[in-house]
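**Q** Please find the sequence and the predicted model below.
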Amino acid sequence: ERISNERTEMLILTGYSGIGKSSLVSEIYKPITEKRGYFISGKFDQYNRNIPYHAFVNIFQDLTKQLLGETKTKLDRWRDKIKNTLGDNAQVIVEAIPDLELIIGKQKPVAELPINDSQNRFNIVFQKFIKLFTSPEHPLVIFLDDLQWADGASLKLLELLMHSNSLGLLLIAAYRDNEVSNLHPLIT
């Protein structure tokens with residue numbers, strides 16, 4: 001299934017385990033990296049379903065490690081871009097992705113908020129963070145596998161990303177449709 005708005009696109013692959021969903025997606029890797037884009041992937045884990053944003057945090061830890069492999073000049077540009085975009089809320093992302101501190105340095109603590117407000121702040125700041133890596137010249141492909149085991153917070157973030165109008169963002173999600181009931185959030 002293909003879902004699209006004017007800028008962000010999302011592909012949803014469904015099927016039984018072992019039919020080749022992940023193999024199909026891996027074919028996208030080479031053309032994206034040839035266009036100087038980033039391809040990051042991860043999967044949800046049935047044993048970590050209660051950890052909000054688990055797969056997102058893991059894949060952006062990997063992206064951070066890719067950035068750390070860039071030249072000093074590029075890394076300095078990324079540092080400035082990230083700090084300028086996230087401003088006083090950069091610590092929100094550092095708390096989720098600790099390796100980011102190696103790029104942008106120590107950040108000021110953020111104000112404590114009630115849980116719902118804190119989750120909303122995280123979603124907004126994370127969307128800004130993701131947009132940093134998207135452009136038509138340098139696309140970002142995010143592949144999330146085993147979406148049937150995603151936590152509610154991750155599904156909400158995925159929905160927000162889909163409606164973010166990020167130019168150069170392709171979201172790909174795969175799930176085992178035989179492992180979701182009619183009550184699962186993916187069905188509604």
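**A** Received it, and whenever you're ready, just let me know what you need.
**Q** Can you name the next helix or strand after the helix or strand hosting Asn123?
**A** Asn123 belongs to helix 115-131 when assigned by DSSP states H and E. Using DSSP H and E, the helix or strand that follows helix 115-131 in sequence is strand 140-145.
**Q** thinking again about what came up before, list the contacts of the helix holding Asn123.
**A** With contacts defined as C-beta atoms under 8 Å, 6 or more residues apart in numbering, helix 115-131 is touched by 52-53, 56, 60, 82, 85-86, 89, 92-93, 96, 110, 112-113, 140, 142, 153, 156-157, 160-161, 164, 166, 169. All C-beta atoms are positioned from the backbone trio N, CA, C, and that covers glycine.
**Q** and it with strand 140-145, angle?
**A** For helix 115-131 against strand 140-145, the angle by axes from the mean of the first three to the mean of the last three C-alpha atoms, to 10 degrees is 130 degrees.
**Q** in helix 115-131, what counts as buried?
**A** By neighbour count with 16 or more other C-beta atoms under 10 Å, helix 115-131 contains the buried residues Gln119, Phe122, Asn123, Val125, Phe126, Lys128, Phe129, Ile130, Lys131.
**Q** Relative to the whole chain's centre, how far out is it?
**A** The chain centroid and the centroid of helix 115-131 are separated by 12 Å under C-alpha atoms, centre = their mean, to the nearest Å.
**Q** May I have stretch 91-99 as CSV, with CA atoms only?
**A** Extracted C-alpha coordinates of stretch 91-99, given in CSV (Å, rounded to 0.1, in the frame of the first residue of the first chain):
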residue,chain,number,x,y,z
GLN,A,91,18.7,17.8,25.3
VAL,A,92,15.3,16.1,24.5
ILE,A,93,17.0,14.2,21.6
VAL,A,94,20.3,13.7,23.5
GLU,A,95,18.4,11.9,26.2
ALA,A,96,16.9,9.5,23.6
ILE,A,97,20.1,9.3,21.5
PRO,A,98,23.1,9.7,23.8
ASP,A,99,25.7,9.5,21.0
